[in-house]
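Peer 1: Fold the following for me, if possible:
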Amino acid sequence: MSAFGTVLDVGVFGIGNHAMLVPYARIYAAGHPTDPVKRIALLEWGRSVWIGNDVQDGGSAVSLPDVTITAGSVVTRGVSPYVVVVGDPARVVNQLKKGDVERAEPQ
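Peer 2: Here you go, the predicted structure:
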């Protein structure tokens, strides 16, 4: 994770191999009810956030429990590995083959 990143880890989170998180990336594995009556009770919950292998989050990316928002895209459900999604609402624009993914190994 780069400079100024934030992890709120009330829940479990994990970052895969070769994942790159740019400055200001945020991971929130916690939340609260959206219902105002329940929220007044100061209830809080934790859920898992997983950032898989070979993932690159864009600038100021936000990873929420069960939801990922990246570079202006709003992803409301899980996506398959090695797909590229864009837009609001997000749509799949490219399916990468695992062998096509470039990987830079540390020198």
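
Peer 1: need the contact list for the residue positioned nearest the centre of the chain.
Peer 2: Closest residue to the average C-alpha location of the chain: Ser63 at 3.1 Å, with C-alpha atoms, centre = their mean. If you count contacts by C-beta atoms under 8 Å, 6 or more residues apart in numbering, Ser63 has them with Ala25, Arg26, Ile27, Tyr28, Val49, Ile51, Asp57, Ile69. Heads up, the C-betas are built off the backbone N, CA and C, glycines and all.

Peer 1: What separation is there between the fifth one and Leu21?
Peer 2: Think Val49. According to C-beta to C-beta, to the nearest Å, Val49 stands 12 Å off from Leu21.

Peer 1: Of those two, which one has the most company?
Peer 2: A count of neighbours by other C-beta atoms under 10 Å puts Val49 above the other of Val49 and Leu21, at 23 against 20.

Peer 1: thinking again about what came up before, touching both of Val49 and Leu21, which residues are there?
Peer 2: Overlap of the contact sets of Val49 and Leu21 (by C-beta under 8 Å, 6+ apart) consists of Ile27.

Peer 1: re the thing from before, between the contacts of Ser63, which is nearest Phe13?
Peer 2: Proximity of the contacts of Ser63 to Phe13 (C-beta to C-beta) peaks at Val49, which lies at 4.4 Å.

Peer 1: who's in contact with the closest one?
Peer 2: Val49 sits in contact with Gly11, Val12, Phe13, Gly14, Ile27, Tyr28, Ala29, Ser63, Leu64, Pro65, where contact means C-beta under 8 Å, 6+ apart.

Peer 1: Let me have those residues in a markdown table, adding pLDDT as columns.
Peer 2: Converted to a markdown table, these look like this (pLDDT from 0 to 100):
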| residue | pLDDT |
| --- | --- |
| Gly11 | 75 |
| Val12 | 76 |
| Phe13 | 80 |
| Gly14 | 79 |
| Ile27 | 83 |
| Tyr28 | 81 |
| Ala29 | 80 |
| Ser63 | 72 |
| Leu64 | 64 |
| Pro65 | 60 |
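
Peer 1: and which of the residues you listed is nearest Glu44?
Peer 2: Minimum separation from Glu44 among those (C-beta to C-beta) is found for Gly11, which lies at 10.1 Å.
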